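this one's sequence-less:
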């Protein structure tokens, strides 16, 4: 009910029409029911003729519902028939990959090369129509940001497309809307819409390697096998099973938008993973207290 794009405004308008027509049908039905009750109780009232009752049944029970269903169906299909728009997809092309149970966003360049990779935080430029390529290599997921666009499924073996064009700056929550396993309910993400210049500056920063140097924190990260699942560009950590952590400290949330990105939550997520998200594929890690602080120092430096 708080649309932040032209597409979402059309869907909100359609919802209001649905509600309005449903309200009219409800009151007409209740009115006819009341009329029938009153006529039955009034013994002196003349009975309704067969012709009149037939007209009422046909018009109210057949013609009106058919008109409403056809009108709402065509309007829903027209809104749901998502296209690039009159100006085309002038914004970025982004691959949206549904994992178990988190989101990976790959920002593509003009030649289709991957420019930057983020996890669980999607950035879009205001006023530009972005093309989102929806991919899954595991189970069916559903990409849904109610403030921006309708739901579209990510289906293994089939690449779907969705277009998003935020009209105002802001930050909104997205969610997987198709049951995909034990952590479906906590498979969320954040969408950040910002002016074009700010978006380009953000993307350029995300394309850079991590500004880190060798130290005890990186040693702990590698020693406990974190680099086997996670990538930190510019370091030996090049894992592909978990989220890319190259710029982890720049993100607002952790664990697929489950927790705010704070030092305490980060430590709790590392050491008590399954108390936060039971069934998560990431194993809990239990470094010594000094090692944990070194690891947190390293992760918080990944801006």
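Yes, it's here. Since the model is a prediction, treat every value here as computed from it, not as a measurement.

quick one: contacts for the closest residue to residue 186 other than its chain neighbours?
Nearest residue to residue 186 in three dimensions, chain neighbours excluded: residue 258, at 5.0 Å (CB to CB, 6 or more residues apart in numbering). For every residue, glycine as well, the C-beta is placed using N, CA and C. Residue 258 sits next to 186, 188, 276, 277 when contact means CB atoms under 8 Å, 6 or more residues apart in numbering.

Ramachandran angles for residue 258?
Phi and psi for residue 258, reported as degrees, to the nearest 10, are phi -90, psi -30.

Could you do the one 4 residues further on as well?
When read as degrees, to the nearest 10, the backbone of residue 262 gives phi -120, psi 160.

now swap in residue 152 and tell me
The phi/psi pair for residue 152 (degrees, to the nearest 10) reads phi -140, psi 130.

Just grab the bridge partners of it for me.
Beta-bridge partners of residue 152, counted by DSSP bridges, are residue 143.

That one: how many residues sit nearby?
Using other CB atoms under 10 Å, residue 152 has 20 other residues around it.

wait, what's in contact with it?
By CB under 8 Å, 6+ apart, the neighbours of residue 152 are 82, 134, 142, 143, 144, 160, 161, 162.

Regarding the last one, what is its secondary structure?
Using DSSP: H, G, I helix; E, B strand; the rest coil as the criterion, the local structure at residue 162 reads strand.

Just want to check the distance between the residue nearest to residue 186 and residue 2.
Look at residue 258 and residue 2: by CB to CB, to the nearest Å, they are 23 Å apart.

So residue 172: helix, strand or coil?
In three-state terms, and counting by three-state DSSP, residue 172 is strand.

out of everything not next to it in sequence, what's closest to it?
The shortest distance from residue 172 to any non-neighbouring residue, by CB to CB, 6+ apart, is to residue 147 (4.3 Å).

just residue 5 next, same as before
Spatial nearest neighbour of residue 5, excluding adjacent residues (CB to CB, 6+ apart): residue 148 at 4.8 Å.

tally of neighbours for that neighbour?
Neighbours of residue 148 (other CB under 10 Å): 27.

I appreciate the help and will end here.
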